[in-house]
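Undergrad: Please work out how this folds:
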Amino acid sequence: MKPLQLFIQEHGDVLQSSRKQQLFADIFTHIVQEYHSVSSDLLTSVKKMEESLKRLKMMRKSDVGLPQSSQGLSDDDKIRLQLAIDVRKFGEQIVSLGVEKDQVKGYAELSELVESHVKKTSDELLTELKKIAKVREAEEYNS
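TA: I've put the predicted structure just below:
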């Protein structure tokens, strides 16, 4: 985003607002296409790794009887959550540069892709992460 912000600072007064919006929408569309491809690959890798680890755990039977929820967020869940947070932030940055997200082709699909892979809602996961952070802070404080 920094290069676009610098571009606006240096050349923003030369371009008409509508032309600037269209230019940025085109740029964001290309970024979203790459973002979607990378995100899809990442989510596929995470899913494969998760399935592989589950098979290993079943073979070792190391967590027999433990409910999944007592284990907290898995690394896979954290990766999915971070990706969802990143896409949301990217959407906010798009809007901050004067372009509506619906003007960026593929943004809605990218957002749906990452949100559909988050097992819990992002808000539930954020709440859980905040609780974990508070516990860790308390542990560090008491150490």
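Undergrad: what's downstream of the host helix or strand of L23, the next helix or strand?
TA: Take DSSP states H and E as the rule and L23 turns out to sit in helix 17-60. Downstream of helix 17-60, the next assigned helix or strand under DSSP H and E is helix 75-96.
Undergrad: Return the set of buried residues in that following helix.
TA: 76-77, 79-81, 83-85, 87, 90-91, 94 (16 or more other CB atoms under 10 Å). To be clear about C-beta, it is placed using only N, CA and C from the backbone, and glycine gets the same treatment.
Undergrad: I'd like the residues you listed as CSV, with pLDDT and distance to S39 appended.
TA: Putting the buried residues of helix 75-96 into CSV (pLDDT from 0 to 100; distance: CB to CB, whole Å) gives the following:
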residue, pLDDT, distance to S39
D76, 88, 14
D77, 86, 16
I79, 91, 11
R80, 91, 10
L81, 88, 13
L83, 94, 6
A84, 92, 10
I85, 92, 12
V87, 95, 7
F90, 95, 11
G91, 95, 13
I94, 94, 16
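Undergrad: for the residues you listed, which one is nearest Q21?
TA: I94 (10.8 Å; CB to CB).
Undergrad: my guess is the closest one meets G106, correct?
TA: No - contact criterion CB atoms under 8 Å: I94 and G106 do not qualify, at 11.7 Å.
Undergrad: Quick one: residues contacting the residue positioned nearest the centre of the chain.
TA: With distances taken as CA atoms, centre = their mean, the chain has L83 as the residue nearest its mean C-alpha position (2.0 Å). Applying CB atoms under 8 Å, 6 or more residues apart in numbering to L83 gives the contacts 39, 42-43, 114, 117.
Undergrad: now do 7 Å
TA: If you count contacts by CB atoms under 7 Å, 6 or more residues apart in numbering, L83 has them with 39, 42, 114.
Undergrad: The first one contacts E115, correct?
TA: Yep, that's S39 we're talking about. No - contact between S39 and E115 fails when scored by CB atoms under 7 Å: they sit 11.0 Å apart.
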